[in-house]
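> the following block contains a protein sequence and its predicted model.
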Amino acid sequence: MAKIELIATAAFGLEAVVANELRWLGYNELTVENGRVTFTADESAICRANLWLRTADRVLVKMGAFEARSFEELFEGTRALPWPDWLPEDADFPVTGKSIDSQLFSVPDCQAIVKKAVVEKMKTRYGREWFDESGPRYTIEVALLKDVATLTIDTSGAGLHKRGYRKLVSDAPLKETLAAAMILLSHWRPDRVLVDPFCGSGTIPIEAALIGLNIAPGIKRDFAAEKWPNLSKDLWQEAWEEALALADYDQAKTLRIRGADIDDDVLSLARYHSRQAGVEDAVHFQQAPVAELQSRYKYGYVICNPPYGERLGGLPAVERLYREMGRVFGELDTWSFYVLSSHPEFERLYGRRADKKRKLYNGRIQCYYHQFFGPRPPQPEIASR
């Protein structure tokens, strides 16, 4: 099977996490850049990457990249690419675009030029002057960065954060991709208890359950490339069968994943979402304030995205909450804590400097992921012979 170049796009700060996921899938020929990981694989990777990537935004086919400082260069560079190898005669191929630090700054003009160039290339293969675009969707993107144009085709359709289980949303929901990244960055293991005391509609506990049960995050949804006639249906069937075979639902009863919130309405959403995701047996939700957080387990993880002010009456209330978190979490002195917050003074309010911080973005809000490491559990003694 021929090798192709693919791009897994990612939110800033998550590129290395996406790269690790790709390596876990067996794709080691990769390059990490701002906002994306480019990797080389065969066509089956389109199916497997869409199904399995927990922290990427989209999977794109990279058609080509070239310098473009004028509309003529953009037109000729685009027309030179092998569009008919991917686009059938009836393809629906809208063009999206973005431009950063480039001479070609008018995105609508760039989109129009690329559309015209693709049509001209299609004419050479199909021998017609007009295309009705009534078939499957092949969304083309022209991305200009410092006068280099990268042309791609989107294989995902809806963004990969749309797993299919969250039909209803609460206020300020955390994206599934970011929740999964928070868990992977914590190095949580399924044999350890995990608690989110601000779980809202349940995204962090549900993503943890998907990880703990080894369920492919895309198992409940479809993808744009499923409808592409040039991508074998057998490849999709093999990818689905692999995902179903690797899911370990029997572990649901052994996982100790808890979600809590003071809002009973959002907990109803959380329970609904856990049922939709097929992990309701692996997650327990309860109504409780953070002040009541306690556990009989010696070692565990708290992974959370506490309120930024919207639900607690503004910044003063949030700052009181952060102080309370420091006091309550301090009682669990053998646990590890991972907190996403946009407040620049979080550590001062919490009362402890983080062992490690990572800049992440919750939507367009710049945050820091504060990581407080607890002691490792003692290793079991091995009896000597």
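Happy to help now that I have it. Numbering: from 1, shown residues only.
> so residue 54 touches residue 21, yeah?
Yes - using CB atoms under 8 Å, residue 54 is in contact with residue 21, at 6.4 Å. Bear in mind the C-beta positions are built from the backbone N, C-alpha and C, glycine included.
> looks to me like residue 285 is in a helix.
No - using DSSP: H, G, I helix; E, B strand; the rest coil, the assignment for residue 285 is strand, not a helix.
> can you tell me how far it is from residue 162?
The spacing between residue 285 and residue 162, counted by CB to CB, to the nearest Å, is 22 Å.
> give me the more crowded residue out of those two.
residue 285 (24 against 16; other CB atoms under 10 Å).
> what are the bridge partners for the more buried one, then?
Residue 285 forms beta bridges with residue 259, as assigned by DSSP bridges.
> so it makes contact with residue 267?
Yes - between residue 285 and residue 267 a contact is recorded at 5.2 Å, counting by CB under 8 Å.
> overlap in contacts of the two?
Common contacts of residue 285 and residue 267 (CB atoms under 8 Å, 6 or more residues apart in numbering): 199, 202, 259, 261.
> so for the first one, what's the nearest residue that isn't a sequence neighbour?
Ranked by CB to CB, 6 or more residues apart in numbering and with sequence neighbours excluded, the top spatial neighbour of residue 199 is residue 259, at 3.3 Å.
> please report how far the one you found lies from residue 178.
16 Å.
> which one of those two has more residues nearby?
residue 259 (29 against 25).
> surely that one is in contact with residue 203?
No - using CB under 8 Å, residue 259 makes no contact with residue 203, being 9.2 Å away.
> what's the helix or strand where residue 348 lies in contact with?
When elements are assigned from DSSP states H and E, residue 348 belongs to helix 346-350. With contact meaning CB under 8 Å, 6+ apart, helix 346-350 is reached by 319, 322-323, 325-326, 329, 339, 343, 353-354, 368, 370.
> dump those residues to TSV, plus pLDDT.
Shown next, in TSV, are the contacts of helix 346-350 (pLDDT from 0 to 100):
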residue	pLDDT
319	94
322	97
323	97
325	98
326	97
329	97
339	98
343	94
353	98
354	98
368	97
370	98
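> can you flag which of these belong to helices?
319, 322-323, 325-326, 329 (DSSP state H).
> distance of residue 347 relative to residue 165?
Taking CB to CB, one finds residue 347 at 34 Å from residue 165.
> those two - which one has more neighbours?
residue 165 (22 against 19).
> tell me if I'm right that the more buried one and residue 206 touch.
Yes - using CB under 8 Å, residue 165 is in contact with residue 206, at 6.9 Å.
> longest helix anywhere in the protein?
The chain, longest helix under DSSP H: helix 107-126.
> how far off centre is that one?
31 Å (CA atoms, centre = their mean, to the nearest Å).
> check which helices and strands that helix sits against.
Judged by 3 or more CB pairs under 8 Å, 6 or more residues apart in numbering; DSSP states H and E, helix 107-126 is in contact with helix 71-79, strand 95-100, strand 140-145.
> put the alpha carbons of that helix into PDB.
The C-alpha trace of helix 107-126 is given here as PDB (Å, rounded to 0.1, in the frame of the first residue of the first chain):
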ATOM      1  CA  VAL A 107      -8.300  34.700   2.700                       C
ATOM      2  CA  PRO A 108     -11.400  34.900   0.400                       C
ATOM      3  CA  ASP A 109      -9.200  35.700  -2.600                       C
ATOM      4  CA  CYS A 110      -6.900  32.800  -1.800                       C
ATOM      5  CA  GLN A 111      -9.900  30.400  -1.500                       C
ATOM      6  CA  ALA A 112     -11.200  31.500  -4.900                       C
ATOM      7  CA  ILE A 113      -7.800  31.100  -6.500                       C
ATOM      8  CA  VAL A 114      -7.400  27.600  -5.100                       C
ATOM      9  CA  LYS A 115     -10.900  26.600  -6.100                       C
ATOM     10  CA  LYS A 116     -10.200  27.700  -9.700                       C
ATOM     11  CA  ALA A 117      -6.900  25.900  -9.800                       C
ATOM     12  CA  VAL A 118      -8.400  22.600  -8.600                       C
ATOM     13  CA  VAL A 119     -11.200  22.900 -11.200                       C
ATOM     14  CA  GLU A 120      -8.600  23.400 -13.900                       C
ATOM     15  CA  LYS A 121      -6.700  20.300 -12.800                       C
ATOM     16  CA  MET A 122      -9.900  18.300 -12.600                       C
ATOM     17  CA  LYS A 123     -10.700  19.300 -16.200                       C
ATOM     18  CA  THR A 124      -7.600  17.500 -17.400                       C
ATOM     19  CA  ARG A 125      -8.700  14.200 -15.900                       C
ATOM     20  CA  TYR A 126     -12.400  14.300 -16.500                       C
END
